[in-house]
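Participant: Quick one: sequence and predicted model below, then my questions.
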Amino acid sequence: MSTQRALIIGGSLSGLLAANLLRSIGWHVEIFERAAGDLAGRGAGLGAQADLFTVMRQIGIRIDRSMWTEVRSHVCLARSGESICRVPVREVTTAWDRIYQSLRENFRAGQYRGGMALLRCEQTERSVVALFENGARIEADLLIGADGIRSTVRQQYVPDVVPRYVGYVAWRGIVEETQIAPQWHAATLQDMVFCLPEGELAFSIPIADRDASGGRRCMFVWFRPAGYDSTLRQWCTDASGHCHGDSIPPPLIRDEVLDELKLAARTSLAPQLAELVAGARQPILSAIFDLETTRMTFGRVVLAGDAAFVARPHVGTSVTKAAQDAWALADELVIKGNVSAALTAYEQRRGPAGRELVARGRRLGEHLEPGRATLRPSIDALLRDFGPGSVDEWPSTV
Ligand SMILES: Cc1cc2nc3c(=O)[nH]c(=O)nc-3n(C[C@H](O)[C@H](O)[C@H](O)COP(=O)(O)OP(=O)(O)OC[C@H]3O[C@@H](n4cnc5c(N)ncnc54)[C@H](O)[C@@H]3O)c2cc1C
């Protein structure tokens, strides 16, 4: 039997997880990424679950101890910095750049093609053809849409499914271990530290360093309300007056916006968190959306990762979800032996899981939606439920 060929649209984590796994079961894979440059500088810290590391081991990646960090407690601080609630946990965080690099290095330039934007797909019973903006037409047995929340693939097949802005944003930033005041090392580099100003939620997590040095960094995340047509647009407007829509490349965020963020941190967050906001070199602004596709498969085309379901980041497991999508797809291709039956089984496995995760994110975040602060759970319940959940065992390196 000739080698089956898969085209993967989107060269970020979800696309790379699928590409690595399909290759491990004998498929010929090619990845097409719209961005021309390296994506390595893109991500931040990630909550993770055991399945992410299981999939990486299956691909053949050695889980170096420097790739993940332990979180021992969720701690809530008052505005004064005093601890008001502590819940013991056993959680794992990792860093986007570490996962990306280890998945990306398995593909040479011809197998991972940057600057290739998919326009649309065409299908016959026997194949699928991807048409790209530069005029290229490439044919294969399977096409995986791992092209994120604004997926071109999804828009072609289910145009009514669109991301829904939930009324608040996440500001994120990373601070190096050496930049954190020594008296705050114990808390910020071991625990997940929360602060809950009225109608908002901020936390920090320790994350792995960008290389294998074994060092750590700390990331803050701060959920703040922002009207879609008002505050969000102002924050997404650069110094030349150009509004980039509902997102903005971090280097273009205006100094006034960052100064206001730091000032607000000083007045409303515990000093430990305010210091992280002040010290982060290049904060990232992300509007928060819910997205739930009605279908994941269309003939020889399948959606994976954020292209199918986007859960609010309170769940801390969307990259693990992308790994589980890739795992289920590879598994079903092996079990069923033909694309059509495999995709049916994949949708049955992954559709309910995606919907459940979106619903969990909604439950965890609904008190942050404008006018719904009364839904905020007790601090104890919030600390227990937030994040990826405890692991049974720490990730093994074998
Ligand atoms: C504030 C915040 C915090 C988060 N925290 C966590 C966390 O703790 N843990 C966790 O697991 N997840 C977290 N996430 C979610 C996580 O970042 C995403 O789930 C994950 O990065 C999605 O990966 P993806 O590959 O599916 O999509 P993306 O990373 O969006 O990648 C899609 C890729 O497709 C490319 N593309 C798009 N259109 C085309 C086209 N037409 N042709 C070719 N290429 C195209 C894009 O350029 C992009 O590279 C967080 C997200 C946010 C916003």
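Facilitator: On my side now, so go ahead.
Participant: can we go C-alpha only for contacts and neighbour counts from here?
Facilitator: Noted.
Participant: pull the longest helix from the chain.
Facilitator: Assignment by DSSP state H gives helix 339-365 as the longest helix of the chain.
Participant: what is the mean pLDDT for whatever helix or strand comes next after that helix?
Facilitator: Using DSSP states H and E, the helix or strand that follows helix 339-365 in sequence is helix 379-385. In this model, helix 379-385 has a mean pLDDT of 97.
Participant: Tell me how the chain divides into domains.
Facilitator: 5-43+98-163+290-363, 65-95+164-288+380-385 (automatic domain parsing).
Participant: To the ligand, which of those domains lies closest?
Facilitator: In terms of CA to the nearest ligand atom, the element of the domains of the chain nearest to the ligand is domain 5-43+98-163+290-363, at 3.3 Å.
Participant: okay if I get the domains of the chain as TSV plus distance to the ligand?
Facilitator: Listed next are those as TSV, based on distance: least, CA to the nearest ligand atom, whole Å:
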stretch	distance to the ligand
domain 5-43+98-163+290-363	3
domain 65-95+164-288+380-385	5
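Participant: Columns mean neighbour count on top of the ones you listed, output as a markdown table?
Facilitator: Compiled in a markdown table, the domains of the chain are given as follows (neighbours: other CA atoms under 10 Å):
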| stretch | mean neighbour count |
| --- | --- |
| domain 5-43+98-163+290-363 | 20 |
| domain 65-95+164-288+380-385 | 19 |
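Participant: Which among these is found nearest to D51?
Facilitator: domain 5-43+98-163+290-363 (6.3 Å; CA to CA).
Participant: For that closest one, what is the distance to the chain centroid?
Facilitator: 14 Å (CA atoms, centre = their mean, to the nearest Å).
Participant: Kindly check the end-to-end length of it for me.
Facilitator: 40 Å (CA to CA, to the nearest Å).
Participant: if I look at the closest residue to P225 other than its chain neighbours, how far off is V55?
Facilitator: Of all residues not flanking P225 in the chain, Y168 sits nearest, at 4.0 Å (CA to CA, 6 or more residues apart in numbering). Distance of Y168 to V55, computed by CA to CA: 32 Å.
Participant: Show me what the worst-scoring helix or strand of the chain on mean pLDDT packs onto, helices and strands only.
Facilitator: Of all helical and strand segments in the chain, the minimum by mean pLDDT, DSSP states H and E falls on helix 185-188, at a mean of 84. On a contact count with 3 or more CA pairs under 8 Å, 6 or more residues apart in numbering; DSSP states H and E, helix 185-188 meets strand 201-208.
Participant: got the CA positions of the strand it packs on in PDB?
Facilitator: Coordinates of each C-alpha in strand 201-208 appear next as PDB, following Å, rounded to 0.1, in the frame of the first residue of the first chain:
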ATOM      1  CA  LEU A 201      -8.900  38.100  38.500                       C
ATOM      2  CA  ALA A 202      -5.100  38.000  38.400                       C
ATOM      3  CA  PHE A 203      -2.700  35.100  39.000                       C
ATOM      4  CA  SER A 204       0.900  34.100  38.500                       C
ATOM      5  CA  ILE A 205       2.400  30.700  37.700                       C
ATOM      6  CA  PRO A 206       6.000  29.600  37.700                       C
ATOM      7  CA  ILE A 207       7.100  28.300  34.300                       C
ATOM      8  CA  ALA A 208      10.000  26.500  32.800                       C
END
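Participant: Would you map the helices across the stretch 1-150 of the chain?
Facilitator: Assigned by DSSP state H, counting those that start in this stretch, the helices in the stretch 1-150 of the chain fall at 13-24, 50-59, 96-104.
Participant: Which strand residues bridge I8?
Facilitator: I31, I144 (DSSP bridges).
Participant: for V175, same thing?
Facilitator: As assigned using DSSP bridges, the partners bridged with V175 are C218.
Participant: show me what contacts it?
Facilitator: Contact analysis of V175 by CA atoms under 8 Å, 6 or more residues apart in numbering lists R217, C218, M219, L276, G279, A280, R281.
Participant: Quick check: the last one touching E176?
Facilitator: So that's R281. No: if you go by CA atoms under 8 Å, R281 and E176 don't touch, sitting 9.5 Å apart.
Participant: what's the neighbour count on the residue nearest to S102 when sequence neighbours are not counted?
Facilitator: What sits nearest to S102 in space, not counting adjacent residues and going by CA to CA, 6+ apart, is I61, at 7.0 Å. Neighbour count of I61, defined by other CA atoms under 10 Å: 17.
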